[in-house]
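**Student:** Sequence first, predicted coordinates after that:
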Amino acid sequence: MDRTSALGLLIGFLAIVGGQLLEGGHVGSLAQPTAMLIVVGGTLGAVMLQSPYTTFVRGMRMVKWVWYPPTVNHLQLIQQVSSWSQVSRREGLLALDAMVGELKDEFVRKGLQLLVDGAEPERLREVLEVEINTFEQEMKLAARIWEAAGGYSPTIGILGAVMGLIQVMENLSDPSKLGAGIAVAFVATIYGVGLANLVYLPMANKLKTHINRLIVQREMVVDGLVGIANGDNPRIIESRLRGYLF
């Protein structure tokens, strides 16, 4: 589990609640189900309207990456590619055919299969880079639904505030109802701005960070396989792949 994400979210919310208490306010005054419904429901509807179904579903499923990021082990990959290059140098490319079926990653499996099939280095790079570009585009489009949520949420919060003020204006003759309307008005704005800047936008940026790590991993695979296809020395291939580490 990514403890940084959990800790950051906890600190953000505690800072807001703590500030409310220091000012002499009550935590219960921040709990307004009506305001939450307006902001969260309105934001969800706007994001669904702008996003294709597959992109929306993929973006929702990617939320788990914030807490449980995809496993990316660059050092293990370097060792694996280095072993392939050594086997290829000793026994030829066809010796790698037995290893193709053992790979779980579809992208790596396809790349190694193309290498075994004798694809030219430039053709191999071309085919795999097309897949990388498609993967990057699809993943980043999915992550951007949270950026979009961060853009819509404050505006929906203002909409909730206006709705609360309308309720206030309609009940000026009944002072007992004024408090609820004013509470919804101000808390809706807090929800809109708070969710955008504490949840949606940080989540989008963290997802893009994980996507970039996955892309780097795939680029390392391509570079390593092309090096093997060119007959480069295993040490040179390993040294070049280590240049990707950060």
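**Tutor:** Perfect, I can see it now.
**Student:** which residues touch the residue nearest in space to the middle of the chain?
**Tutor:** Nearest to the mean C-alpha position of the chain, by Cα atoms, centre = their mean, lies residue 207 at 1.8 Å. By Cβ atoms under 8 Å, 6 or more residues apart in numbering, the residues touching residue 207 are 62, 65-66, 142-143, 146. Just so you know, the C-beta spots here come from the backbone N, C-alpha and C atoms, and that holds for glycine as well.
**Student:** For the protein, give me the ranges with low pLDDT.
**Tutor:** Within the chain, the stretches falling below the threshold (pLDDT under 70) are 174-181, 183, 246.
**Student:** one more time with 80
**Tutor:** Within the chain, the ranges that satisfy pLDDT under 80 run 1, 20, 23-29, 164, 167-185, 246.
**Student:** Scan the contacts of residue 207 and report the most crowded one.
**Tutor:** Taking other Cβ atoms under 10 Å as the neighbour criterion, residue 146 ranks highest of these with 26 neighbours.
**Student:** okay but that one is in contact with residue 56, surely?
**Tutor:** No - using Cβ atoms under 8 Å as the test, residue 146 is too far from residue 56 to be in contact (11.0 Å).
**Student:** Show me the helices in this protein, by range?
**Tutor:** In the chain, the helices defined using DSSP state H lie at 3-22, 33-50, 53-61, 64-67, 74-91, 97-100, 106-116, 121-170, 178-195, 201-229, 234-242.
**Student:** Show residues contacting the second one.
**Tutor:** Contacting residues not belonging to helix 33-50 are listed as 56, 145, 148-149, 152-153, 156-157, 159-160, 163-164, 183-184, 187-188, 190-192, 195, 200 [Cβ under 8 Å, 6+ apart].
**Student:** In the record's domain split, what are the boundaries for this structure?
**Tutor:** Split into domains by automatic domain parsing, the chain comes to 1-30, 32-242.
**Student:** Show me which of those has the highest average neighbour count.
**Tutor:** Across those, averaging neighbours per residue (mean count of other Cβ atoms under 10 Å) puts domain 32-242 on top, at a mean of 17.
**Student:** how far out from the middle of the chain is it?
**Tutor:** 3 Å (Cα atoms, centre = their mean, to the nearest Å).
**Student:** What is the end-to-end distance of that domain?
**Tutor:** End-to-end distance for domain 32-242, by Cα to Cα, to the nearest Å: 52 Å.
**Student:** From residue 41, how far off is the residue of the chain most remote from its centre?
**Tutor:** Distance from the C-alpha centroid of the chain, by Cα atoms, centre = their mean, peaks at residue 173 (49.6 Å). Applying Cβ to Cβ, to the nearest Å, the value for residue 173 to residue 41 is 30 Å.
**Student:** Check residue 87 too.
**Tutor:** Here the criterion is Cβ to Cβ. By it, residue 87 lies 57 Å from residue 41.
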